[in-house]
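Peer 1: predicted model and sequence follow; I will ask about them next.
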Amino acid sequence: MKISKLTLILPLLFGISRTLSAATEHVALDRSTTDSFLIHTGVYTLSYDASTSGPTKGWVCIKRDSSTNGLATRFANGQGLDVTEAGAGEGDIYGWKDMRKDSRMFRALACEETSETVTVRLQTERQWAKFDSELRVFKQYPGLMQWRVLATAKEDRVFAGKSSPDCYFLADGSVTQWGERPQEVVRYSVHRGAGAPHVYFRHLAIQSYVFYFEDLSSLNDLYRLTQCDVPYDYPSDGNPGSVRMGKAQSWFQMSSPDGNNVQPMKPYEDKVEKYSEFGYERPSSYRIPKGAKIILADTYLYLKPAEKTDNITVCRNFVEMLADIFKFIHKPPVIPTDWSGEIVPQLVKDVMRPENSCMLKGKHVVPRAYVSYEHEDHQLWTIVQLLHPLELYVKRHPEQKDAVELRRRLNDALPEYIDKEWGGFINNPAPINQDQFFTVVYIFGPTVIIADLAKLGNENARLMLTGFRDRLLKMGKAYNYEMADIWLRDFSKQRSYFQSDAMCCYMYVMMALYDLSGGKDLECLEAAKSAAERLRLRCMDLAWQANMTATGMAACEQLAKATGDDKYRELAYVPLASLLREAWLWESDFGAGEYTTTFWGFCGCPAAPSTAEYEAHRARFHMKDYQAMASDHLPPNLNVMLMDSWKRGPTQSRFSLPPLLVKAGAQRFMAREGKSQTNCGEIRYDQMIPLEDVRATWGTDLEWWQNNTKLGAVGQEIYGAGGPIMYAVWQDEQADSTRAGDTKTGSKGDQP
C-alpha cells in the first residue's frame with residue numbers, strides 16, 4: 001500500500017501540537033523542600049530558595065521557560081517588609097561589620113498540591129512582626145498566581161517615607177532594583193482614578209502579557225490605619241495606595257483647537273517604554289499597633305504568551321484574564337432591595353414634584369435635570385432615560401398610576417425636539433441655533449436611548465430616529481466616523497478633543513435604523529461597518545463616558561449577527577476592555593464605604609473619583625444586553641462577570657439614594673441639605689432621587705472638585721433617576737424567571 005508524505009507528516013504534526021499544548025497547560029509542583037520550591041504553570045516557572053545567595057536571594061522568581069528574564073517579587077516590599085527575605089541586612093551586599101537586625105527572617109516553608117491548586121505557605125519574621133504569606137497557583141488557569149500576606153505586629157510600628165511596589169523585573173538573572181537595568185514593556189492600562197486596581201502590559205523580553213491586580217477589598221484594615229483619603233492615584237502622583245507602573249496614561253487627542261478644520265484621529269500605536277518596577281504601593285505614612293493583624297497584600301499576577309499583539313488580541317486577553325481573576329476576588333453581598341414595590345413608587349412621586357418640573361413650550365410638564373434646579377431645564381436625555389425603563393415598568397405595573405402618568409407626560413414631549421429643517425434633534429428643544437457648536441454627548445446620549453425606545457415600539461421615538469437618518473449618515477461621512485468632542489452644526493468645523501467612544505454610539509444607532517427597516521436599509525449597515533473599521537484602529541483608549549463606550553460591544557455583536565461575519569464579534573472586545581478598565585472592582589469598607597457599596601461602580605469619565613448613576617445604569621443596561629446576545633460564545637467566566645455587573649451593580653446604586661444613605665447611617669459623609677455646592681439645585685434627604693456623585697473613603701468639607709469631598713456635593717440628578725426604574729424591571733424579570741424554574745437566565749456559569 002502506498003503511503004503519502006502527508007499521511008506520515010500529520011501524526012508528527014499532531015504529536016508536536018499535543019506536546020506544545022501539554023507544555024502550555026502543565027501546572028505542577030516540581031520541587032519542594034523545607035526551604036525551597038519550584039512550580040511550573042504553563043510555560044512559566046516560579047522558584048524560591050531561602051538558603052541561596054546571589055542576586056535573586058530572598059526573591060520569588062518568575063521566568064518563562066529557560067529564560068534568564070522575567071519577574072521577581074517579595075510579595076510586600078519596602079522598609080520593614082520584604083517579607084520573603086530569608087535574612088534582611090545580613091551584610092552580604094554592603095559588607096557591614098556587625099550583624100544587622102532581622103538577620104534571620106526565615107522560619108518555615110511548606111507546599112501542598114491538590115487537584116485544583118499548588119499552595120506554598122511561607123513564614124518569616126522581623127523584630128516588629130510575623131508574616132504569614134501564601135502563594136497559590138491555579139491548575140485550571142496556567143500562568144495565574146495569587147499571593148497574600150498577613151502581618152501580626154509584635155510591637156508598634158510607624159511607617160514613613162516612600163513606599164515600594166511589589167514587583168520588579170529579572171534581567172539576565174538579576175533583579176532590577178534601584179532603577180537599574182529597566183526592561184522594555186508596552187503598557188496598555190494602568191490604575192487611574194477609582195477604577196479596577198491593575199496594571200496590564202506586554203513584557204518584550206519574555207514576549208508575554210502581564211496582568212497585575214491588587215484586591216483592595218482585602219486591605220480595608222490597612223486603610224483604616226492610614227486614614228488616607230483615597231486608595232488610588234488621582235489626581236496627583238502623591239496619593240497613596242495605588243497600583244503603579246510609571247504615570248497613568250491619558251489618551252485624549254486634540255482635534256482642531258481653534259475649530260477651523262476637520263482633522264483625523266491618530267490610530268493607536270504601541271509605545272515601547274522602560275521600567276524596572278511595578279505593582280501596589282502601600283500608603284507611606286501610618287502606624288500599625290502592637291497585636292494588630294493586617295493584610296498587607298492580596299495580589300493576582302497573570303501571565304500569558306504574547307503570540308499575537310494586534311489590538312483585538314490585546315483587548316481580548318485583558319477581558320478574559322480579568323474575568324478569570326474576577327472569579328476569585330472579594331465581592332460584597334447583594335443587598336435585598338424592593339426596587340419595584342418600594343423605591344420606584346416614591347421616586348416617581350419625587351420626580352413629579354413641582355419644584356422638580358418645568359413647562360416646555362407652555363404645554364408639557366417635563367422634569368428638570370436636578371432636584372429644585374433653578375433653571376428652566378428641558379434636556380432630552382433627562383426625559384428619555386426615564387421614559388425608556390418606564391415603558392417596560394408600566395406594562396408590568398399598570399396599577400402604578402403615577403408611573404403611568406409620568407410615562408405619558410414624557411412621551412408626549414418627544415415631538416418638541418424634532419427639528420425638521422435641520423433633519424434631526426439634539427438635547428435641547430427645536431429649533432436648533434444655526435451657528436451652534438454641538439457637543440457629542442448631547443447628540444448621542446439621547447439618540448442611543450431614542451434608538452432603544454424605538455426598538456420597544458415607541459412610535460414617537462421611531463419617527464425621531466428615522467427622521468435623523470440622513471443627517472446621521474452625513475455626519476459619519478464628514479468625520480470619517482471619528483467624532484470630535486465638539487463640532488459645528490454643518491459639520492464643517494471641529495474643536496477640542498476627540499471622543500472616540502462616539503463611534504460606538506454611531507454604530508449602535510446605525511444598527512437600530514437597520515433593524516427598524518427590517519434589514520433593508522443597507523446604507524445604514526454599511527455606515528456601521530465603516531465605523532467598525534475605524535474602531536479597529538483603537539486599543540484600550542476608547543472610554544470617555546462609560547455609557548457611550550458600553551454601546552460598542554452590543555453594536556459589534558449586532559453587526560456580527562447581521563453580516564454573519566465573526567470579525568465584528570471579536571471587535572466587541574475593544575469597547576469591552578475600555579469599559580472594564582474603568583470599573584470599580586473593589587469594595588471600600590472604611591469611611592463612607594462602611595455604609596455604602598463601591599463594587600461595580602462606574603465613574604462618569606475616566607479617572608473621576610465618583611460614580612454617577614446616569615452613566616452607571618446605562619452601562620449596566622448595555623452590558624446586560626450584550627451578555628444576553630453573546631452568551632453562547634463567551635467564555636464561562638466572562639459570562640459570569642458580565643451577569644454580575646447588572647445583578648450586583650444595583651447594590652452599589654442603592655447608596656446613591658439619600659433616604660437609603662441616611663437610613664444606613666452615612667449622613668455625616670453626605671453633603672448637607674440645601675443648595676448644592678455646584679449650583680445644581682438642592683440636596684434633599686427625603687427625595688428618592690440619586691446623588692450624582694457617590695465617592696469612596698472618608699469625605700471632607702473641601703471644595704467639590706476635590707477627590708475626597710462629601711457624597712452628593714454636585715447634586716441630585718433626575719437625569720439619572722431611570723436607574724432604579726430599570727433595576728425594578730430587572731428584578732421583576734428575575735422573579736418571573738425564578739417562578740418559571742429557570743435559574744440560568746440565558747448564560748453559562750455561576751450566578752451571584
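Peer 2: Perfect, thanks for sending it.
Peer 1: please count neighbours and contacts with C-alpha atoms only from this point.
Peer 2: Fine.
Peer 1: now do the helices in the stretch 551-700 of the chain.
Peer 2: When assigned using DSSP state H, counting those that start in this stretch, the helices of the stretch 551-700 of the chain occupy the ranges 566-571, 573-580, 613-630, 636-647, 649-654, 658-664.
Peer 1: most tightly packed of those helices?
Peer 2: helix 573-580 (a mean of 27; mean count of other CA atoms under 10 Å).
Peer 1: name the helices or strands packed onto the helix or strand L109 falls within?
Peer 2: Assessed by DSSP states H and E, L109 sits inside strand 106-113. The criterion is 3 or more CA pairs under 8 Å, 6 or more residues apart in numbering; DSSP states H and E, and the helices and strands that strand 106-113 contacts are strand 27-32, strand 117-125.
Peer 1: give me the buried positions along it.
Peer 2: F106, R107, L109, A110, C111 (16 or more other CA atoms under 10 Å).
Peer 1: and of the helices of the stretch 551-700 of the chain, who's closest to L135?
Peer 2: helix 636-647 (22.1 Å; CA to CA).
Peer 1: between helix 573-580 and that closest one, find me the angle.
Peer 2: 50 degrees (axes from the mean of the first three to the mean of the last three CA atoms, to 10 degrees).
Peer 1: what helices and strands are in contact with helix 636-647?
Peer 2: Helix 636-647 packs on helix 311-326, helix 613-630, going by 3+ CA pairs under 8 Å, 6+ apart.
Peer 1: just put the helices of the stretch 551-700 of the chain in CSV and tack on mean pLDDT.
Peer 2: Output for those, formatted as CSV (pLDDT from 0 to 100):
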stretch, mean pLDDT
helix 566-571, 97
helix 573-580, 97
helix 613-630, 97
helix 636-647, 98
helix 649-654, 96
helix 658-664, 97
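Peer 1: rewinding a little: so which of the helices and strands packed on strand 106-113 comes closest to A562?
Peer 2: The closest of the helices and strands packed on strand 106-113 to A562 is strand 27-32. By CA to CA, the value is 41.3 Å.
Peer 1: can I get the closest one in PDB, CA atoms only?
Peer 2: This file holds the C-alpha atoms of strand 27-32, laid out as PDB (Å, rounded to 0.1, in the frame of the first residue of the first chain):
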ATOM      1  CA  VAL A  27       0.700  23.200  36.200                       C
ATOM      2  CA  ALA A  28       2.500  21.200  38.900                       C
ATOM      3  CA  LEU A  29       4.800  21.400  41.900                       C
ATOM      4  CA  ASP A  30       8.100  20.100  40.500                       C
ATOM      5  CA  ARG A  31      10.300  20.500  43.700                       C
ATOM      6  CA  SER A  32       9.600  21.100  47.300                       C
END
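Peer 1: sheet-wise, list the partners of it with their directions.
Peer 2: Sheet pairing for strand 27-32, assigned by DSSP bridges, gives strand 36-41 (antiparallel).
Peer 1: can you list contacts of the helix or strand that comes right after the partner strand?
Peer 2: As assigned by DSSP H and E, the chain's next helix or strand after strand 36-41 is strand 44-49. For strand 44-49, the external contacting residues (CA atoms under 8 Å, 6 or more residues apart in numbering) are 35-40, 57-65, 143.
Peer 1: closest to G552 out of the buried residues of strand 106-113?
Peer 2: Using CA to CA, C111 comes nearest to G552 of the buried residues of strand 106-113, at 45.6 Å.
Peer 1: so how far is Y223 from the residue nearest to the closest one when sequence neighbours are not counted?
Peer 2: Nearest residue to C111 in three dimensions, chain neighbours excluded: V120, at 4.5 Å (CA to CA, 6 or more residues apart in numbering). V120 is 27 Å from Y223, where distance means CA to CA, to the nearest Å.
Peer 1: quick one: F138 from S115, how far?
Peer 2: In terms of CA to CA, F138 sits 9 Å off from S115.
Peer 1: kindly report the same for R618.
Peer 2: Taken as CA to CA, the span from R618 to S115 is 41 Å.
Peer 1: what's the answer for R695, then?
Peer 2: R695 is 42 Å from S115, by CA to CA.
Peer 1: you'd agree E533 is in a helix?
Peer 2: Yes. E533: assigned to a helix according to DSSP: H, G, I helix; E, B strand; the rest coil.
Peer 1: per-residue pLDDT, it?
Peer 2: Note for E533: predicted pLDDT of 97.
Peer 1: same question for the one 10 residues further on.
Peer 2: You'll see A543 listed with a pLDDT of 79.
Peer 1: I'd guessed it sits against L580; true?
Peer 2: No. Here A543 lies out of contact with L580, judged by CA atoms under 8 Å, at a distance of 9.6 Å.
Peer 1: before we move on, back to that, higher neighbour count, R695 and S115?
Peer 2: The residue with more neighbours, out of R695 and S115, is R695; 32 against 9, by other CA atoms under 10 Å.
Peer 1: now that one. Nearest residue, chain neighbours left out?
Peer 2: S610 (4.6 Å).
Peer 1: residues in contact with the one you found?
Peer 2: Contacts of S610 by CA under 8 Å, 6+ apart are A194, F602, C603, G604, D693, V694, R695, A696, N707.
Peer 1: from V83, how far off is the third one?
Peer 2: This means C603. From C603 across to V83, the span is 35 Å (CA to CA).
Peer 1: check the second one too.
Peer 2: The span separating F602 from V83 equals 35 Å under the rule CA to CA.
Peer 1: what does T549 give?
Peer 2: 41 Å.
Peer 1: these two: which is more packed in?
Peer 2: When neighbours are counted by other CA under 10 Å, T549 and V83 differ, and V83 comes out ahead with 31 against 27.
Peer 1: please point out which parts of whichever strand or helix holds A550 sit buried.
Peer 2: Secondary structure assignment for A550, by DSSP H and E: helix 546-563. Along helix 546-563, these residues count as buried under the neighbour rule (16+ other CA under 10 Å): 546-560.
Peer 1: for stretch 41-55, same thing?
Peer 2: By neighbour count with 16+ other CA under 10 Å, stretch 41-55 contains the buried residues T41, G42, V43, Y44, T45, L46, S47, Y48, D49, A50.
Peer 1: swap in stretch 520-534?
Peer 2: Within stretch 520-534, the residues scored as buried using 16+ other CA under 10 Å are C524, L525, A527, A528, K529, S530, A531, A532, R534.
Peer 1: stretch 70-79 now?
Peer 2: Neighbour counts using 16+ other CA under 10 Å place G70, L71, A72, T73, R74, F75, A76, N77, G78 of stretch 70-79 among the buried residues.
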